[in-house]
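Novice: Predicted model, plus sequence, below.
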Amino acid sequence: MSGAFRVRASSWASLFDCAHRWEGANILGMRMPSSPRAQLGTAIHAATAAFDEARMRGEELRALDVVPVLVDELTSPERDVDWSADELSRRDAEVIGRKLLTRYCQEIAPLYHYVAVELEVVPWRIDCGGGIVIEIRGTLDRSRARADGAGGVGICDIKSGVSAVTQGRAKTKGHAPQIGTYELLYERTTGQAVTLPADIIGLKTSGSPEVATGQIVGARDQLIGTDDSPGLMDYAADMFRSGLFPPNPTSHLCSAKYCARWKVCKFKDDQQ
Ligand code: SF4
């Protein structure tokens with residue numbers, strides 16, 4: 001162990017939502033069970049990844065062939081899920097998951113030629129100064145890299161949730177820090193430049209299941225600073241160097257359902 005803070009690539013972007021929550025989960029080891037909707041998202045992502053990986057190997061398969069992956073994720077006793085946390089039953093989660101999985105496999109996956117699914121990245125060490133080093137590692141969870149056949153490569157990131165699709169488009173707001181991080185990690189790992197805009201693939205898990213895409217251009221610009229204007233990586237380095245991870249009670253995840261620090265956090269806004 002080098003003494004560096006080891007950070008999962010998939011968690012990195014949530015540092016910029018509520019750093020206090022991120023510190024609780026990733027440095028202080030605060031844990032909570034998954035909510036039913038979060039577990040539904042995990043199940044859908046696992047099944048779509050199994051589908052896309054098989055297609056990358058040249059296998060012909062249908063959505064039905066990866067339904068067991070979805071069901072396993074929803075029923076495995078090894079998953080720590082609080083099924084009483086909201087109104088979504090396990091049975092309803094499976095029904096929604098099957099519909100979204102089918103639509104993804106039939107309508108979205110054929111649009112893309114993937115060259116990597118949930119790529120394991122080469123660790124990225126960032127010197128924050130003051131002897132503090134961060135090491136971002138792990139896999140690009142829930143993401144794929146796509147090629148356009150003309151030498152271009154771009155990131156596709158699957159987002160599931162109750163508002164993942166609005167008015168026929170995938171919600172892209174707030175996703176740039178994660179996409180930018182994934183683009184940089186992809187380039188560092190493969191040596192290949194990411195030249196295409198990122199596609200967000202939205203899978204809506206409430207009401208009638210919907211799937212749609214949306215684009216993010218220039219996601220990396222938010223992360224990398226210039227002489228005149230610091231980027232998010234500069235702010236992150238400051239947090240690690242100072243040990244101060246600021247709260248954000250306006251985060252849409254500031255709730256007992258999603259934040260393991262909620263009970264002890266004096267900054268939460270629970271006056272509703
Ligand atoms: S309770 Fe709210 S402000 Fe406090 S750590 Fe959690 S998300 Fe952040």
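Specialist: Sure thing, it's come through.

Novice: Strands of the protein, residue ranges please.
Specialist: Using DSSP state E, the strands found in the chain span residues 5-8, 114-117, 124-129, 132-137, 143-147, 153-161, 165-166, 169-170, 198-204, 210-216.

Novice: just these: most buried one?
Specialist: Most buried of those, by mean neighbour count (mean count of other CB atoms under 10 Å): strand 198-204, with a mean of 24. To be clear about C-beta, it is placed using only N, CA and C from the backbone, and glycine gets the same treatment.

Novice: Could you tell me how far that one lies from the centre of the chain?
Specialist: Remark: strand 198-204 is offset 11 Å from the chain centroid, using CA atoms, centre = their mean, to the nearest Å.

Novice: If you average the pLDDT over stretch 84-103, what comes out?
Specialist: The pLDDT scores in stretch 84-103 average 92.

Novice: contact partners of it?
Specialist: With contact meaning CB atoms under 8 Å, 6 or more residues apart in numbering, stretch 84-103 is reached by 33, 35-37, 39-40, 43-44, 47-48, 51, 63, 66-67, 70-71, 74-75, 83, 160, 203-205, 209, 211, 257.

Novice: near the ligand too, which of those?
Specialist: Among the contacts of stretch 84-103, no residue is within reach of the ligand (CB under 6 Å from any ligand atom).

Novice: Quick one: name the residues of the stretch 151-272 of the chain near the ligand.
Specialist: Listed as neighbours of the ligand in the stretch 151-272 of the chain under the rule CB under 6 Å from any ligand atom: 247-249, 251, 253-254, 259, 261-262, 265, 267-268.

Novice: One more pass at 8 Å, please.
Specialist: With CB under 8 Å from any ligand atom as the criterion, the stretch 151-272 of the chain meets the ligand at residues 247-249, 251, 253-255, 258-262, 265-269.
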